[in-house]
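>>> give the three-dimensional model of this entry:
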Amino acid sequence: MTVNKAVSLRIKELLKEKNMTQYRLEQDSGICHGAMASIMNDRNKTVTFTTIFLLARGFNMTILEFLDSPLFEDTNINI
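Numbers count the residues shown, from 1 in each chain. Below you'll find the model as predicted:
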């Protein structure tokens, strides 16, 4: 899977885990709705480190906590 797909799946996973809406994440992270929609609908080809940082902040966690998922293991990511 692509890095973007892994990020999208991780966002969905954390939204459910934290009982949080996508709108709340957009507000807490500062990521605009259009950019978030692109990530969530796989229209975005790359996700920047800055975006990962903002997502982690929106979830009130560190970048390492955000990336601490089997989704981001080498065997799961196609580069």
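
>>> quick one, what contacts residue 44?
Shown in contact with residue 44 (CB atoms under 8 Å, 6 or more residues apart in numbering): 4, 35, 38. Using the backbone N, CA and C atoms, a C-beta is placed for each residue, glycine as well.

>>> quick one, phi/psi of it?
Main-chain torsions, residue 44, degrees, to the nearest 10: phi -90, psi 130.

>>> can you check residue 20 too?
The phi/psi pair for residue 20 (degrees, to the nearest 10) is phi -120, psi 150.

>>> hang on, the earlier thing: got CSV for the contacts of residue 44, with distance to residue 51, secondary structure and pLDDT too?
What follows is those, written out as CSV (distance: CB to CB, whole Å; DSSP: H, G, I helix; E, B strand; the rest coil; pLDDT from 0 to 100):
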residue, distance to residue 51, secondary structure, pLDDT
4, 10, helix, 90
35, 8, helix, 92
38, 10, helix, 92
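
>>> what about burial for the residues you listed, which qualify?
Buried subset of those (neighbour count, 16 or more other CB atoms under 10 Å): 4, 35, 38.

>>> and of those, the nearest to residue 16?
Among these, residue 4 lies closest to residue 16 (CB to CB), at 19.1 Å.

>>> which strand or helix spans residue 13?
helix 3-17 (DSSP states H and E).

>>> which residues are in contact with that helix?
By CB under 8 Å, 6+ apart, helix 3-17 touches 1, 20-22, 25, 39-40, 42, 44-47, 51-52, 55, 59, 66, 69, 71-72, 76-77, 79.

>>> weed out the non-buried ones from these.
20, 25, 39-40, 44, 47, 51-52, 55, 59, 66, 71.

>>> dump the contacts of residue 44 into CSV; add distance to residue 15 as well.
Below are these laid out as CSV (distance: CB to CB, whole Å):
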residue, distance to residue 15
4, 16
35, 16
38, 16
